[in-house]
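>>> Got a predicted structure here, sequence first:
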Amino acid sequence: MVKKKSKSEWVFDVFNVLIMLALAVITLYPIVYVLTCSISDGNQLMGARGMMLLPKGFSLDAYKAVFNNPNILTGYRTTLIVVVFGTAINVLMTAIGAFLIIQKQFAPRKILTYLMIFTMFFSGGMIPTYLVVQKWLHLGDSLWALILPTAISTYNLMIMKSGFESIPDSLTEAAKIDGANDIVILFKILFPLSKPIIAVMVLFYGVQHWNSWFQAMLYISTRGKYPLQLILREILLINDTSGMGATGSIGDQYMIGESIKYATIIVATVPILCIYPFVQKYFVKGIMLGAVKG
């Protein structure tokens, strides 16, 4: 027998659906607006006001200008390098740290855990961090300055720690009896059984590196090493569209410059959006798995 919903349950469901639809509209409209402006004609876009769901005219000149800009291409290259190598180092270091603090035979693990949690609430600040990176580690104007100082996120480490703890101890104990060392246990037992957690870590760290621009602004001085988000910042805030290939009068360059800003946002955002569908099935499972034990 299928139980019929009561009137209050129907009201609750309708209310939830309306709230979700409102949130979906609020979330999607900025994306639609930016996409619409990026393919609009620059002359008509200048006079547009208010909400806009359809493009004003149609033109791909902004995208042509974006892909003709060598700064965008070098920014993509730098960002991809940082995302790939940075995420790999992040996941590896976080896994090693999580594996270390779940070892019951490791005496200082509780003290180490408290020290790591302490860093979630207190930090040395921007100036001491800058001095450490520049003067002590000598990473100035190096892509390593965008990777090593943020090699481990304590929050992510706690999630991975909880995920590792959800794996039965009997598996690791059996592996030790068979002669497996810690490296074998980590990479051949914990890693394969923690794919949802690993996928979530890849997503968190990858998005963090992709969106990061402040560290690059602090440590990178060579323009050829600028990541994509720093180039995007220049275009949006400093209004620097030089090298975009726009020709004609100053007025024409200004009008296409408005479309270029929106086109650059789309170009910088679409790649990371394309990753979400592939890791979405692991996302909720990984977060819930990491939240089972604290």
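That came through, no problem.

>>> in the stretch 1-150 of the chain, which segments are predicted with low confidence?
For the stretch 1-150 of the chain, the stretches with pLDDT under 70 are 1-3, 42-50.

>>> which one is the one residue sitting closest to the centre of the chain nearest to, not counting chain neighbours?
Nearest to the geometric centre of the chain sits Val207, at 1.0 Å (CA atoms, centre = their mean). Among residues not flanking Val207 along the chain, Ile272 sits closest, at 6.1 Å (CB to CB, 6 or more residues apart in numbering). Quick note: C-beta positions are derived from backbone N, CA and C, even for glycine.

>>> Now name the helix or strand holding the one you found.
In this structure, Ile272 sits in helix 250-290 according to DSSP states H and E.

>>> on that earlier part again, residues in contact with the residue nearest to Val207?
Ile272 sits next to 206-207, 210-211 when contact means CB atoms under 8 Å, 6 or more residues apart in numbering.

>>> Top of the residues you listed by number of neighbours, please.
Neighbour tally across the contacts of Ile272 (other CB atoms under 10 Å): the maximum, 21 neighbours, falls on Trp210.

>>> pretty sure that residue contacts Ile81?
No: applying CB atoms under 8 Å as the test, Trp210 and Ile81 come out as separate, 11.8 Å apart.

>>> so who does the closest residue to Thr113 other than its chain neighbours touch?
Nearest residue to Thr113, sequence neighbours excluded (CB to CB, 6+ apart): Ile101, at 5.2 Å. Neighbour list for Ile101: 109, 112-113, 116, 161 [criterion: CB under 8 Å, 6+ apart].

>>> got those as JSON lines, with neighbour count columns?
Output for those, formatted as JSON lines (neighbours: other CB atoms under 10 Å):
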{"residue": "Arg109", "neighbour count": "14"}
{"residue": "Leu112", "neighbour count": "14"}
{"residue": "Thr113", "neighbour count": "18"}
{"residue": "Met116", "neighbour count": "16"}
{"residue": "Lys161", "neighbour count": "24"}
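
>>> Take these and keep only those in helices.
Members of the contacts of Ile101 lying in helices (criterion: DSSP state H): 109, 112-113, 116, 161.

>>> Apart from its neighbours in sequence, what residue is nearest Lys225?
Thr78 (5.8 Å).

>>> Show me which residues of the helix or strand encompassing that neighbour are buried.
Element membership of Thr78, judged by DSSP H and E, is helix 70-101. Residues of helix 70-101 classed as buried by neighbour count (16 or more other CB atoms under 10 Å): 71-72, 74-76, 78-79, 81-83, 86-87, 89-91, 94-95, 97-101.
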